[in-house]
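Colleague: Can you look at this prediction? I've put the sequence above it.
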Amino acid sequence: MNPQPLSQMTYDGANALRVGQIETIHGPVPKIFDEFWTAKQRQMHSLHYALSYRASFKPELPDFFIRKFSQPNDLVGDPFSGRGTTVLQAALLGRRGVGNDVNPLSERITNPKIHPVNVESLEKRLEKIALDQPRDLSREEDMSMFYHPDTYKEILNLRDYLDTHHDPIDRFIEMIAISRLHGHSPGFFSAYSFPQISIPKSNQIKINHTRGVEPDYREVKSRILKKAKNSLKDGRLDEILSCGKKSILTTGDSRQLTDWPDESVNLVVTSPPFLNQVDYILDTWIETWFCRIDSAEMGKKIVQTPDLEEWTQFISDTLNELHRKLVPGGHVAMEVGDIRYQGEILNLDETVVNLTTMKRYNLGQFKVREVYVQSQEFTKLSNCFRVKNNVLGTNSNRIVLMEKI
Ligand SMILES: C[S@@+](CC[C@H](N)C(=O)[O-])C[C@H]1O[C@@H](n2cnc3c(N)ncnc32)[C@H](O)[C@@H]1O
């Protein structure tokens, strides 16, 4: 399917492109280019930054759409919830969240953020957990390239403890522990590694070799406590909890949101996987290992396809399901990117707009109101992976705003 070309462009000021439009059978759809939210890092509630997640959006994105297109107590959903950015921001704005992701890790890291606990209770709980019991590491998965043996022993003991302890304090500890599994500063449990991606063991061996280091001992409890304090520092815990209690988190396929109530969701703010940009199974393997998640099972459902037709059908089926879940007049803000496809730049927003106009896809379900293009200077991956602009990764946030007909 070829995206339709932008039919008209207007220019503002020093040749900066500001407004275009996409022709559809419902008439022209405005495409607005602007800096809708700040490009500065870490401006929102500290809980959003409790942990990194591959291809997550900035909390400013759901914040913008939730404020504009929903009311307090409304139900705000995300079928590709990831680290739960939409659901947490919904709670911070007095809305009820409904999140879903095919990866069970999503629920494990989102639930504690919308059921936050205070630092004192966390500190007391940590004191009680025994992490220094002896372990026979030869019977365990070899993680020696990431962790010092004594650190690894503490991680394994914590994992065993968390198998049988699930109250909100334990679950918060688990979420923070997940955030500390690998990264580039002394605050992480691992030797110098990548924070957003679980890299393969062989790559970690190379990093250690290049840096001429072996993993040093990183005491686990103090690192959890420090990160937890940091994540909770912006407070408002009672407010978050009161909305969190009314929120719903499900694990499954976006095309079958069986546990989401029908005709109940006022707004969806979401970002699907973009063709084959990210491998969500491989890139979270340390987290899924820690949480004992069966990644083979997840692999059967996750959609990571390099094929545009298949991706288009997947998005269309998801929109079809969302149409069932939305209240009449409800909105979907779907963020997609510009990607390199078969040697050309493909703006996936135009692919999504076209879905709403084609009989074999979603004709008659949605009216596209606007497309927002958030201008930004750097690719989302650039800081960590030294990605050059316009070469790899995705360079802009493109959000298609649709209204249920
Ligand atoms: C771009 S990320 C979303 C990140 C999220 N917006 C955040 O801020 O963390 C896409 C998510 O889609 C999930 N996913 C992939 N295939 C799926 C499917 N068939 N159903 C539901 N979720 C799926 C992945 O596990 C991943 O978490």
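Modeller: Thanks, I have it. Numbering: from 1, shown residues only.
Colleague: Please count neighbours and contacts with C-alpha atoms only from this point.
Modeller: Will do.
Colleague: Outline the domain layout of this protein.
Modeller: 6-103+253-277+295-304+333-404, 119-231 (automatic domain parsing).
Colleague: With mean pLDDT and mean neighbour count as extra columns, can I get those domains in TSV?
Modeller: Converted to TSV, the domains of the chain look like this (pLDDT from 0 to 100; neighbours: other CA atoms under 10 Å):
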stretch	mean pLDDT	mean neighbour count
domain 6-103+253-277+295-304+333-404	84	19
domain 119-231	97	17
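Colleague: Columns distance to the ligand on top of these, output as a markdown table?
Modeller: Converted to a markdown table, the domains of the chain look like this (distance: least, CA to the nearest ligand atom, whole Å):
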| stretch | distance to the ligand |
| --- | --- |
| domain 6-103+253-277+295-304+333-404 | 3 |
| domain 119-231 | 11 |
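Colleague: For Leu326, which of those domains is the nearest?
Modeller: Comparing the domains of the chain by their distance to Leu326 (CA to CA), the top pick is domain 6-103+253-277+295-304+333-404, with 4.5 Å.
Colleague: longest helix anywhere in the chain?
Modeller: When the chain is parsed with DSSP state H, its longest helix is helix 308-325.
Colleague: Enumerate the positions of that helix that are buried.
Modeller: Within helix 308-325, the residues that count as buried by 16 or more other CA atoms under 10 Å are 308, 311-312, 314-325.
Colleague: re earlier: to Trp289, which of the domains of the chain lies closest?
Modeller: That would be domain 6-103+253-277+295-304+333-404 among the domains of the chain, by CA to CA, at 8.6 Å.
Colleague: Just the CA trace of stretch 223-241, in PDB.
Modeller: Extracted in PDB, the C-alpha atoms of stretch 223-241 (Å, rounded to 0.1, in the frame of the first residue of the first chain):
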ATOM      1  CA  ARG A 223      20.900   0.300  45.300                       C
ATOM      2  CA  ILE A 224      17.200  -0.600  45.400                       C
ATOM      3  CA  LEU A 225      16.600   1.800  48.300                       C
ATOM      4  CA  LYS A 226      18.400   4.700  46.600                       C
ATOM      5  CA  LYS A 227      16.500   4.200  43.300                       C
ATOM      6  CA  ALA A 228      13.200   3.800  45.100                       C
ATOM      7  CA  LYS A 229      13.700   7.100  47.000                       C
ATOM      8  CA  ASN A 230      14.500   8.800  43.800                       C
ATOM      9  CA  SER A 231      11.500   7.400  42.000                       C
ATOM     10  CA  LEU A 232       9.100   8.300  44.800                       C
ATOM     11  CA  LYS A 233      10.500  11.800  45.400                       C
ATOM     12  CA  ASP A 234       7.700  13.700  43.600                       C
ATOM     13  CA  GLY A 235       5.100  12.300  46.000                       C
ATOM     14  CA  ARG A 236       1.300  12.500  45.300                       C
ATOM     15  CA  LEU A 237       1.200   8.800  46.200                       C
ATOM     16  CA  ASP A 238      -2.400   8.800  47.600                       C
ATOM     17  CA  GLU A 239      -3.700  10.500  44.400                       C
ATOM     18  CA  ILE A 240      -1.900   8.000  42.200                       C
ATOM     19  CA  LEU A 241      -3.100   5.100  44.300                       C
END
